[in-house]
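Student: what shape does this take:
(chains A and B)
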Amino acid sequence: MSGVGSQMFMPEPSWLSQPFWDRANKGTLSRQRCVDCQFEMFPPQFACRRCLSTNLEWAASTGLGRLYSFTVLCMAPDGSPLPEPKILADVNLEEGWHMMTNIVDCPPEHVACGMAVAVTWQRLSTTINLPVFSPVGEANKAR
Amino acid sequence: MTTGVYVVGLGNTDMDWNLGVSTEMLFLQAIKAALKDAGLTKQDIDGFSGRWTAPGGTAMHPGSADWSTLLGQPLSWIGDTYPQGPPGLMDAASAVSAGACTVAVVVSGQGALGDGLADYTTPHNEFVAPYGAFTAASFALVAQRYLHELGPSQGAAVRQDIARIAAAVRNGGSQNPEAVLKDRGEITPEKVLASKPVALPLRLFDICLANEGATAIIVASKAIAMDCPAPVEILGVGCEWQRQQYTMAPRFDENWTVGAAGAEKAFRMAGLRPEDIQVRSFYDATSFEIARQFEILGYCGFGDGAAFAVENGIGVDGKLPTNTDGGLLSYSHTGFGGPHTRASYAIRQVRGTAGSGQVAGVQTALSCGAGSGAQYHGTLIFGRPQ
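Tutor: Coordinates of the predicted model:
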């Protein structure tokens, strides 16, 4: 997989994010939901950012969504050129939340705002399984 | 009602790469220059804001700057604003107008980057960093969706106009002997669009510098200011924070208008409208942000920022001179000091000391800090003393 190698940033889960990474490790994408007002929340917070309730639960996502925006990265964060372009993206999940991610298995010239995507996984270590997304449906046929 | 607080001293170090000294030393150079400029001595300082390198000198690490000890007297106000520029000067002006202190130094910048990358450009957050995000990439996510919202036809035209904006700012920098990118010859829009892709739609010439340097700004009450050689009043200020930056994807729908409410507050405080401002010191973290700031500050409608800037002209001879010093793109971007250097440029325009980028007869100028990708933004308005 391009752009994924020894220089890869390795997440170190915190008390707040551990449930996310535990579920990710089993192949389940999840986010917090406020039990009191049903607000969908990501990244994790210690209280609901709509109603400040601390009555939060972790809920599984279908992992299906649409690309809200993207940028074709030609440079790594350290300023070095990437061997091949990488797509950084913001995906709207169908439950009504969004996350930063990468789009994989998609040539940069085919990526477009609004395209349907589904979660797939990149295993970085025995404990970190990173959610990324790839095109589904028509976007795939177009390739 | 204006703040009634004045900028009385301004000090900038050289702006460049590899200045060869620490951040603390650059801060000290800038402070000394600002004191000299104000005709004040260190004994006059009773307020200090210098986060980075240390929050007011309380970090308790060996080598961290302890400003109250260095200044030799107890301080009655210490600011810890993040960052300087609009938020830092807002806090200092508040402290002066509340009587907490009478003369406050607000300093920011960065040094000792060497050949390394400024640390702030690379976020370490676990939900951002694994995907290869960096500062410019966050701004690119917002810019891409902006183009999408405009549609293919207008989007393409806007991209062309934004290249013209970047070229105009960079040409100002090329002619500015103080700029990091001085003497670079003429930059054409074609060169901008042909520059190296970094985080598309952003290319190298669309993206700001990350260099070394520091800026110190001294603010004081009117009673003190009237005895200083070149006081400039802080007419208005307004800040807006939407979110801790670089911990999630910034979004066009939430962040394109960040700073609009703050700017409105600043204009109201100053009793001015956008068209009353002679020079703008926008926060050009990217070229797209210049178009954005024309829109959110009320100069024009949504989607019209780039065309508006090009039609009116943003160079020294244009109808709407903006970042004629080269801005963050070519003059200087000193990290957390970036918003402070933009304030410095606006202050210099009001004083008539902005060098190659000076516009004739400036009564009022505004400066901004941060932007859509950072999810916060602030505006300052400066004017000649009445």
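Student: so what's A:D78 closest to, chain neighbours aside?
Tutor: The shortest distance from A:D78 to any residue other than its chain neighbours is 6.1 Å, reached at B:L117 (CB to CB, 6 or more residues apart in numbering or on different chains). Every residue, glycine included, has its C-beta placed from N, CA and C.
Student: next up, the contacts around the one you found.
Tutor: Contact partners of B:L117, counting by CB atoms under 8 Å, 6 or more residues apart in numbering or on different chains, are A:77-79, B:210.
Student: that one sits in which helix or strand?
Tutor: Here B:L117, judged by DSSP states H and E, is contained in no helix and no strand.
Student: count of residues packed around residue 12?
Tutor: I went with chain A, as the question did not name one. By other CB atoms under 10 Å in any protein chain shown, 11 other residues sit near A:E12.
Student: my question was about chain B, not that one.
Tutor: Number of residues near B:N12 (other CB under 10 Å) recorded here: 26.
Student: hmm, B:T215 and it touching each other?
Tutor: Yes. B:N12 sits in contact with B:T215 when judged by CB atoms under 8 Å, with a separation of 5.2 Å.
Student: overlap of the contact sets of those two?
Tutor: B:30, B:341, B:344.
Student: picking up where we left off before, any idea of the pLDDT on the residue nearest to A:D78?
Tutor: We have a pLDDT of 70 for B:L117.
Student: which residues touch B:A214?
Tutor: B:12-13, B:23, B:26-27, B:29-30, B:107-111, B:334, B:337.
Student: which ones among these map onto helices?
Tutor: B:23, B:26-27, B:29-30 (DSSP state H).
Student: worst-scoring helix or strand of chain B, pLDDT-wise?
Tutor: Least confident helix or strand of chain B, by mean pLDDT, DSSP states H and E, is helix B:67-71 with a mean of 82.
Student: near chain A, which residues of the stretch 151-300 of chain B show up?
Tutor: Residues of the stretch 151-300 of chain B lying close to chain A (CB under 8 Å from any CB of the partner chain) are B:196-202, B:247-249, B:251-252.
Student: thinking again about what came up before, which of the contacts of B:A214 lies closest to B:Q386?
Tutor: The nearest member of the contacts of B:A214 to B:Q386, counting by CB to CB, is B:N12 at 26.3 Å.
Student: quick one, grab the pLDDT at that closest one.
Tutor: pLDDT, B:N12: 98.
Student: same question, B:H61
Tutor: B:H61 is assigned a predicted lDDT (pLDDT) of 55.
Student: look at the closest residue to B:T247 other than its chain neighbours and say how many residues are nearby.
Tutor: Excluding the flanking residues, the one nearest B:T247 by CB to CB, 6+ apart is B:N125, at 4.6 Å. Neighbours of B:N125 under the rule other CB under 10 Å: 18.
Student: what's the single longest helix in chain A?
Tutor: In chain A, with assignment by DSSP H, the single longest helix is helix A:18-25.
Student: what helix or strand is B:Y146 on?
Tutor: helix B:135-174.
Student: would you agree B:K265 is in contact with B:G238?
Tutor: Yes. With contacts counted by CB under 8 Å, B:K265 reaches B:G238, the gap being 3.2 Å.
Student: the more surrounded of the two?
Tutor: Counted by other CB under 10 Å, B:K265 and B:G238 do not tie: B:G238 has more neighbours, with 23 against 17.
Student: pLDDT score for that one?
Tutor: pLDDT for B:G238: 97.
Student: what are the ranges of the helices in chain A?
Tutor: Using DSSP H, the helices found in chain A span residues A:18-25, A:138-141.
Student: output the contacting helices and strands for the least confident helix or strand of chain B.
Tutor: strand B:47-49 (3 or more CB pairs under 8 Å, 6 or more residues apart in numbering or on different chains; DSSP states H and E).
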